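# Make a model of this:
(chains A and B)
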Amino acid sequence: MPKLSSVRGMAPLLAWLAVAFLGVLAGIPDGKLRVPATALAGIGLVGAAVSALRGTKRSDRTADAGIAPLLGPVIDAIPDPLLLLDAGRRVLAANAAARELLGPRGTGRDLSLWLRHPEVLDAVAAVMGGERRRTVTLTLPVPVQRSFEVHAVRLDEPARPIHAVLVLHDITLAEGAERIRTDFVANVSHELRSPLSSLVGFIETLKGAARDDEAARMRFLDIMEAEADRMARLIDDLLSLSRVEANEHVPPQGEVASLALVEEVAATLAERARERNVRIEISARGNVPPVQGDRDELTEVFHNLIDNALKYGRPGMPVHISIRRVDRIPELGGAGVAFAVRDHGEGIAPEHIPRLTERFYRVDKGRSRSLGGTGLGLAIVKHIVNRHRGRLSIESTLGEGSTFTVYLPVAGEAPAGEAARAFHKSVIGTS
Amino acid sequence: MRLDSMIAEIGGLAETQLAAAIEALVKRDTEAATRVVEADRRIDAIQAEIDAFAIGLLSGRRPAADDVRIVVAALRVASNLERIGDYAKNIAKRTVPLAQVEPIGSTAQTISRMGRIVQDMIKNVLDAFLTRDVGRAGDVRTRDREVDQLHTSLFGELLNHMIDDPRRITACAHLLFVAKNVERIGDHATSVAEQVCFMVRGAAPSDERPKQDNSSFTVVALPTDDSYPNSLT
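The predicted structure follows:
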């Protein structure tokens, strides 16, 4: 702990910290602003604050014990991971974001134990060697690929013992958008390729070895039919996804009597429900107002959700759809209608839930395929719901089942301007 | 400890080299591949430094048994990491001829997937070494099984490609080596994990480590009139 000579000695320090704090707060990113410049201004102030502190107490080579307790709250407020380095490349302090990203490695130890990426170490070496500032890009491939702009900045002389500051600014989102596009093309080709190559294989077999084998021929034709159906379904889903996307920024105009529509969709799925020995229960609480929406698209939403519940629910257990009016759609505001589709299946592990609406994301690939899934159903649902200025929420408990809830605005009560903007923010950049 | 930060540095280089080599392979980027080949020198240089430093430690005074164990483990780990660097360099070398021919199906993506697992392993063993965490090192040994399984399946896939179209044999042969390199890198990561155990407990883990690589036994039937193509059975 630092030994401050008197209470009076603390006053300038606190003033410095307050200023530093403001500088830091001004730099808090909202995901779009490019922060480093402002954040670094804040860091510069932290350095100055430290130097003010240094003036009030004995000089101390191993600064770790001296500065960490006071700096902690300030640097922890900075959202980007940040490391403070001494002249010997030792880490004097790491903020909460850095500890979370890199794991606690102990202060006073060499930087390489925290970050061993050669480009980062090179940048730090250059900065220690006199360069004012150097920026490199760092990619951490595992466990989830993340990219950072790493800024190594040398501090001015009075900031000793802190010689340099390392800030990691997350640029994963910006890099991700491009990757999502290329991944999508690769995924589509892959998804179409596998049923196609299976078809080609069976055709070859039927022309050759299995030509005179009656039993094999019938079996192969059945498989081929299933594969062709799968391709057709995939193409349908891709087309409907691109149609929805094209209109995503144009709110739908019609009015839909939602309860009647849900009952209609459930009726079309009755046969499948019987096959799996599942009862579809629909319950509506009170008077359900019409929602603003496109009838065909909403049909697709309910169809996909109920169909999923039938597929992944437990045979013999009911699928329950409850419909009720809500005064306020969560996060968006405005009156709405909530449609909750609940199954009693195995449930979904929490790590999968945020990714369910990604295209071609499957919790269990083999199972999804064998059930005839294209991997696009929930992506379509999400885009349609987005277009309707609604919201999709997914809750699940392992062993008990899942509930998919769609909120749609009541007709004539579209969300107000503020909410609509918030909505746009939440939609952009998602899969 | 100075030795730790040297291991961290050579490890960071090996990690980066592998990531860069695989990215170059997937993107068919020969320039990036050439950079990987050139950067391998840095790994060799640090290994030489570690050797010299370790010899200095061992010969300078009479070191305690614990210290000797750490130094020996670090020497072995450095050699594993240096080999990993060599394999990455070899992958990068093969990327150059591979970029000149048509991609072979999605094999590069499968290799990239293997690479992702192996990168995860290297990261974890290095962290385990630097934090003396035997438990974490143990987890890595079981992950190697996944790599072996992917390698076996890729091996079969490449054989089928060669049978289908003999003009692809050159590219497939390069990819076989690339896949083998990634698989060997996984083995080296596993060996680092064993060194962590040796360093902390004084003995390597006793149980036989899980092996799932059956590529040595893989036989692909050539299609003839009286058998169905292998991919369908």
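# Poorly predicted segments of chain A, please.
A:1-70, A:142-144, A:158-159, A:176-177, A:179-180, A:413-431 (pLDDT under 70).
# now the helices for the stretch 201-350 of chain A?
Ranges of helices in the stretch 201-350 of chain A, per DSSP state H, counting those that start in this stretch, are A:214-246, A:258-268, A:270-275, A:295-312.
# out of these, nearest to chain B?
Nearest to chain B among the helices of the stretch 201-350 of chain A is helix A:214-246; the distance by Cβ to the nearest Cβ comes to 8.4 Å. C-beta here means a position set from N, CA and C on the backbone, and glycine is covered the same way.
# That closest one vs helix A:295-312, what angle?
130 degrees (axes from the mean of the first three to the mean of the last three Cα atoms, to 10 degrees).
# Give the buried residues for helix A:214-246.
Neighbour counts over helix A:214-246 (16 or more other Cβ atoms under 10 Å in any protein chain shown) mark A:216, A:220, A:224, A:227, A:230-231, A:233-234, A:237-238, A:240-241, A:244 as buried.
# Repeat that for stretch B:30-42.
B:30, B:32-33, B:36-37, B:39-40, B:42.
# And the furthest pair within those residues?
B:Thr30 and B:Arg42 (20.4 Å; Cβ to Cβ).
# picking up where we left off before, save the buried residues of helix A:214-246 as TSV, and put in distance to B:Tyr87 too.
Putting the buried residues of helix A:214-246 into TSV (distance: Cβ to Cβ, whole Å) gives the following:
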residue	distance to B:Tyr87
A:Ala216	45
A:Phe220	43
A:Met224	42
A:Glu227	39
A:Arg230	39
A:Met231	39
A:Arg233	42
A:Leu234	38
A:Asp237	41
A:Leu238	39
A:Ser240	46
A:Leu241	41
A:Val244	46
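# and which of the residues you listed is nearest to A:Ala123?
A:Leu241 (42.3 Å).
# returning to that earlier point: now render the buried residues of helix A:214-246 as a markdown table, adding distance to chain B.
Formatted as a markdown table, the buried residues of helix A:214-246 follow (distance: Cβ to the nearest Cβ, whole Å):
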| residue | distance to chain B |
| --- | --- |
| A:Ala216 | 8 |
| A:Phe220 | 9 |
| A:Met224 | 11 |
| A:Glu227 | 12 |
| A:Arg230 | 16 |
| A:Met231 | 18 |
| A:Arg233 | 22 |
| A:Leu234 | 17 |
| A:Asp237 | 21 |
| A:Leu238 | 19 |
| A:Ser240 | 26 |
| A:Leu241 | 22 |
| A:Val244 | 28 |
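# and those, which two are the farthest apart?
A:Ala216 and A:Val244 (41.8 Å).
# Now do the helices in chain B.
Along chain B, counting by DSSP state H, helices occupy B:2-27, B:30-60, B:65-98, B:107-131, B:134-164, B:169-201.
# And these: which comes nearest chain A?
Shortest distance between chain A and these, using Cβ to the nearest Cβ, is found for helix B:2-27: 2.9 Å.
# That closest one packs against which elements?
Packing partners of helix B:2-27 (3 or more Cβ pairs under 8 Å, 6 or more residues apart in numbering or on different chains; DSSP states H and E): helix A:118-128, helix B:30-60, helix B:65-98, helix B:107-131, helix B:169-201.
# Contacts for the following helix or strand past the shortest one, please.
Heading C-terminal from helix A:118-128, the first helix or strand you meet, by DSSP states H and E, is strand A:133-140. The set of residues that contact strand A:133-140 without belonging to it, under Cβ atoms under 8 Å, 6 or more residues apart in numbering or on different chains, is A:115, A:117, A:119-120, A:122-123, A:126-127, A:145-154, A:168, A:171, B:19.
# got the buried residues for strand A:133-140?
Those would be A:134, A:136, A:138-140, for strand A:133-140 by 16+ other Cβ under 10 Å.
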